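In: Have a look; sequence and predicted model below, questions after that.
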Amino acid sequence: MWEEQVKAYAAADLKGTDLKKYSVGAALSRAKSDVEGMQKKGIVTKGKPGHKTKVTSTDLERKVPRAELTDCVDTSTWKFVYRKSGKPVPLPEGAMPRYVTKVKAEKWGNQWKFLELTPTQRAC
């Protein structure tokens with residue numbers, strides 16, 4: 001899912017990605033909203049974030065198996081830039097280069113789908 005999201009943000013466009021294959025619901029809506037905002041502002045990304053992910057809980061006995069994960073997202077090598085100039089977009093005050101994201105996923109058939117990705121204000 002992250003590889004496809006990185007592609008979408010790099011182009012500020014969901015076309016040419018398989019993001020819908022790996023995310024649904026709130027996770028997909030958030031990515032769509034981000035991409036639309038990036039398009040309007042002329043912003044794209046360069047590089048990609050790092051991840052250190054840990055499965056925090058699973059319920060594989062459910063009709064639709066579910067998992068929760070904690071992901072330490074490292075954005076120090078993932079830069080937002082203005083498409084035309086290539087100049088970096090100023091980071092918001094207090095932005096953390098490494099932060100915890102809570103993830104909820106379900107297994108639909110043979111495919112895990114990301115339902116929610118919730119960034120926190122907690123550094124990792």
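Out: The structure has been received and is ready for your questions.
In: for this protein, which helix is longest?
Out: Looking across the chain with DSSP state H, the single longest helix is helix 25-41.
In: Sort out which residues of it are buried, please.
Out: 27-28, 30-31, 35, 38 (16 or more other Cβ atoms under 10 Å). All C-beta spots, glycine's among them, are computed from the backbone N, C-alpha and C.
In: Helices of this protein, residue ranges please.
Out: Ranges of helices in the chain, per DSSP H, are 2-11, 19-22, 25-41.
In: Please identify the residue most distant from the middle of the chain.
Out: E61 (27.2 Å; Cα atoms, centre = their mean).
In: Would you mind measuring from that one to K54?
Out: E61 sits 21 Å away from K54, going by Cβ to Cβ, to the nearest Å.
In: Turn the buried residues of helix 25-41 into a markdown table, including pLDDT and distance to L91.
Out: As requested, the buried residues of helix 25-41 are arranged in a markdown table below (pLDDT from 0 to 100; distance: Cβ to Cβ, whole Å):
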| residue | pLDDT | distance to L91 |
| --- | --- | --- |
| A27 | 97 | 23 |
| L28 | 97 | 25 |
| R30 | 95 | 19 |
| A31 | 96 | 20 |
| V35 | 97 | 19 |
| M38 | 97 | 15 |
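In: Can you list the buried residues in the longest strand anywhere in the chain?
Out: Ranked by residue count under DSSP state E, the longest strand found in the chain is strand 111-123. If you call a residue buried by 16+ other Cβ under 10 Å, then strand 111-123 has these buried ones: 113-117.
In: and what of stretch 90-110?
Out: Quick answer for stretch 90-110 (16+ other Cβ under 10 Å): 96, 99-101, 103-106.
In: same deal with stretch 16-25?
Out: Applying 16+ other Cβ under 10 Å to stretch 16-25 flags 17, 19, 22-24 as buried.
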